[in-house]
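Peer 1: Sequence plus the predicted model coming up.
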Amino acid sequence: MTSRKILLGSLFLLILCGFRDARTRTAHKRFFHPDPEGEVYILVIKSNYELQVFDRQGWYATYPAVFGNKSLDDKMMQGDRKTPEGIFHIVRKRPHEKWDKIMDLDYPTAADLAKFNERKAKGLIPRSAKPGDGIAIHGTWPHDEMTVDNYQNWTNGCISLKCEDMDELYAIAPIGTKVVIQH
C-alpha cells in the first residue's frame with residue numbers, strides 16, 4: 001500500500017510538472033557559441049509563436065513571441081491589429097517606457113503598399129482604409145510576461161517578447177537587421 005501511494009504521488013508530480021513546463025515557454029539557444037557569429041537575421045513564425053535568430057553558423061536562438069490579432073492572418077489595413085507578413089528591416093532601436101525596449105520595422109514597405117492597393121482594388125478592404133504603420137518588436141508590460149507563456153496576442157500588430165528575451169535580442173540585432181515574418 002505504501003509503495004502504491006508513493007507511485008501515485010510520483011505520477012501526480014510528473015503530471016503536474018509536465019503541465020507547468022508546457023505552459024512556461026523559454027528561449028532556446030545554441031550554447032557552444034555564446035555570441036552570434038557574423039551578421040544575424042530574424043525569422044518570425046506566427047503559427048509557431050516563435051521568433052528565431054540565425055547567424056553565419058545557422059540557427060542561434062528561438063524566443064517565444066506573441067502578436068496582434070488572434071487570427072494570425074496577414075495585416076490588411078490600419079486598425080485590424082494583425083501582424084504583417086513579409087520582409088522587413090530594423091530601422092530604429094530605443095528604450096521604451098512601457099515595453100522595456102523596442103525595435104521599429106520599416107513597415108509598410110513598397111511590397112506592403114502594393115498588396116494593400118491590390119486588396120483595395122479587389123474590394124477586400126474599404127476604399128477609405130489606410131495601410132497603417134508603427135510595427136515593431138518589443139517587450140511586454142512590466143510583470144506581464146505570462147501573456148507570452150499563455151499565447152495571448154495583445155499587441156496592435158507588433159511582435160512581443162518577454163523582456164529578458166527582448167534584452168538579449170536588442171543586444172545582438174543591429175539597425176538594418178533583416179526580419180522575415182511568415183504565417
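Peer 2: It's in.
Peer 1: How about residues contacting the longest strand seen in the chain?
Peer 2: Ranked by residue count under DSSP state E, the longest strand found in the chain is strand 86-96. The set of residues external to strand 86-96 that reach it, using CB atoms under 8 Å, 6 or more residues apart in numbering, is 101-107, 109, 111-112, 115, 135, 137-139, 170, 173-181. Every C-beta, even on glycine, is put in place using the N, C-alpha and C of the backbone.
Peer 1: now, which of these lie within strands?
Peer 2: 101, 102, 103, 104, 105, 137, 138, 178, 179, 180, 181.
Peer 1: Grab the nearest non-local neighbour of the residue nearest in space to the middle of the chain.
Peer 2: The centre of the chain sits closest to residue 65, judged by CA atoms, centre = their mean, with a distance of 3.4 Å. Distances taken as CB to CB, 6 or more residues apart in numbering place residue 51 nearest to residue 65, at 4.4 Å, with adjacent residues excluded.
Peer 1: so where does the one you found fall, helix or strand?
Peer 2: Following DSSP states H and E, one finds residue 51 within strand 50-55.
Peer 1: Now the element after that strand, going C-ward?
Peer 2: Using DSSP H and E, the helix or strand that follows strand 50-55 in sequence is strand 58-64.
Peer 1: And that following strand, what does it pack against?
Peer 2: strand 28-29, strand 50-55, helix 163-172 (3 or more CB pairs under 8 Å, 6 or more residues apart in numbering; DSSP states H and E).
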